[in-house]
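In: Provided below are the primary sequence and the corresponding predicted coordinates.
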Amino acid sequence: MLESNRAITVDILANFFPDLPPGCWIFRQPRARLVPLMRQGQEKPAGVFIATLNPYRALDSNYSGFLDLVSGQIAASITTPRPMKPNASAPKAWPSWTAPKPPSSATSAMNCARLLR
């Protein structure tokens, strides 16, 4: 995919990501679309946008076009330099931050159930 700079569809996602959590779905998503994040004026992509596909919707031109649009917006936001304005109220040194541990699948299922009520 990176050599051709074209999006591809992976039909058996579990082969590549066996521990992928199902999230709010009852089962793991079998398919995903990998779309390169192309930078303007560059031949190589800045990264890859991976989106699992809705199992109840066919991947048609509208669906893939939407994913292309999202990847284009992400690529534009990460490759466009923005000058930072000095902020007098900002602390001189930011406190260290550690990422929280991901919730267990039981916790995720309970959160999903609460959202669906």
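Out: That came through fine.
In: Quick check: which ranges of the chain have low pLDDT?
Out: Flagging of the chain using pLDDT under 70 yields the residue ranges 1-3, 25, 28, 79-117.
In: at 90 what do you get?
Out: Counting by pLDDT under 90, the chain shows low-confidence ranges at 1-32, 38-57, 72, 75-117.
In: Then Pro36 would be within a helix, right?
Out: No. Using DSSP: H, G, I helix; E, B strand; the rest coil, the secondary structure at Pro36 is strand, not a helix.
In: For it, name its beta-bridge partners.
Out: Residues in a beta bridge with Pro36, per DSSP bridges, are Val48.
In: Equivalent analysis for Thr9, please.
Out: Thr9 forms beta bridges with Arg33, as assigned by DSSP bridges.
In: That one - how many residues pack around it?
Out: For Thr9, the count of nearby residues is 12 (other CB atoms under 10 Å). Glycine gets a C-beta too; all of them are placed from N, C-alpha and C.
In: One more: Leu37?
Out: Leu37, neighbours per other CB under 10 Å, totals 18.
In: need the contact list for the residue nearest to it when sequence neighbours are not counted.
Out: What sits nearest to Leu37 in space, not counting adjacent residues and going by CB to CB, 6 or more residues apart in numbering, is Ala75, at 4.0 Å. By CB atoms under 8 Å, 6 or more residues apart in numbering, the residues touching Ala75 are 37-39, 45-47.
In: Wasn't Ala75 part of a strand?
Out: No. Counting by three-state DSSP, Ala75 falls outside a strand, being helix.
In: switch to numbering from 827
Out: Okay, using 827 as the starting number, the last item reads as Ala901.
In: With respect to Pro848, which of the contacts of Ala901 is nearest?
Out: Of all those, the one with the least separation from Pro848 (CB to CB) is Gly873, at 24.3 Å.
In: Helices of the chain, residue ranges please.
Out: 887-905, 931-942 (DSSP state H).
In: Show me which of the contacts of Ala901 are buried.
Out: In these, burial by neighbour count holds for 863-865, 871, 873, counting by 16 or more other CB atoms under 10 Å.
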